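Chemist: Fold the following, please.
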Amino acid sequence: MIYKRHVLIFAVLVLAINTTQSQEFSRHTLGVRPEFLISNHDNYNDPNIAGIGISYQLRINSKNRLEFDTGLRVYGSEFIPTVGLMATGIYQRVFPIYNNFNWYLGIGGGALFNANLGIIADGGIEYSPNKSPIQISLNIRPEIFFSTDNKSTDSTYFYTGFGLGIRYQF
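Modeler: Just a heads-up that it's a prediction; the model follows:
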């Protein structure tokens with residue numbers, strides 16, 4: 001009976017230590033990333049676009065990670081909005097500033113609902129409070145999308161997105 005109790009206490013301690021360490025260098029983060037975009041796109045009578053997406057980050061090592069976002073973007077005027085799907089994949093390089101405060105740069109690609117493919121740059125700052133599984137980030141994403149639809153008269157679209165990410169680390 002005493003032996004079983006020692007094994008149980010040891011197992012709980014090992015799990016607690018692993019959980020504490022995983023919060024410090026989490027391999028996965030999952031959360032939301034609302035964004036506001038400014039565009040040169042005049043076809044919708046409003047160059048401003050809003051979006052929200054689900055964001056997932058996969059840490060490769062302490063300095064490299066991949067980020068995948070999928071979500072919705074709302075284009076157009078206040079009277080006739082158009083909602084579209086988007087998906088992005090970005091490689092990011094992370095640079096520590098101080099403790100749990102980092103900045104990062106990245107590059108990747110994306111797809112928009114209306115057969116547009118694009119190149120995306122990404123840069124921002126992020127903070128993870130001590131002993132908290134939450135990560136907060138602010139970033140800017142310049143984007144260039146090319147229309148693959150032959151019906152479009154304007155084939156290149158430039159967007160600049162400003163986002164706020166709130167993610168859970170695990």
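
Chemist: C-alpha from now on. contacts and neighbour counts both.
Modeler: Fine.

Chemist: my read: Ile134 touches Glu126, true?
Modeler: No. Counting by Cα atoms under 8 Å, Ile134 does not reach Glu126; the two are 10.5 Å apart.

Chemist: Would you mark the buried spots in the strand of greatest length in the chain?
Modeler: For the chain, the longest strand by residue count, based on DSSP state E, is strand 81-98. For strand 81-98, a neighbour-count test (16 or more other Cα atoms under 10 Å) marks Met86, Ala87, Thr88, Gly89, Ile90, Tyr91, Gln92, Arg93, Val94 as buried.

Chemist: how much space is there between the last one and Ser147?
Modeler: With the distance defined as Cα to Cα, to the nearest Å, Val94 ends up 31 Å from Ser147.

Chemist: And for the fourth one?
Modeler: Computed with Cα to Cα, the distance linking Gly89 and Ser147 is 18 Å.

Chemist: The fifth one now?
Modeler: Ile90 sits 20 Å away from Ser147 when distances are taken as Cα to Cα.

Chemist: And the second one, by the same measure?
Modeler: As judged by Cα to Cα, Ala87 and Ser147 stand 15 Å apart.

Chemist: ok, and the closest non-adjacent residue to the residue most central in space within the chain?
Modeler: Geometric centre of the chain, nearest residue: Ser55, 4.2 Å, by Cα atoms, centre = their mean. Once flanking residues are discounted, Ser55 sits nearest to Asp69: 4.5 Å by Cα to Cα, 6 or more residues apart in numbering.

Chemist: Right, I'll leave it there.
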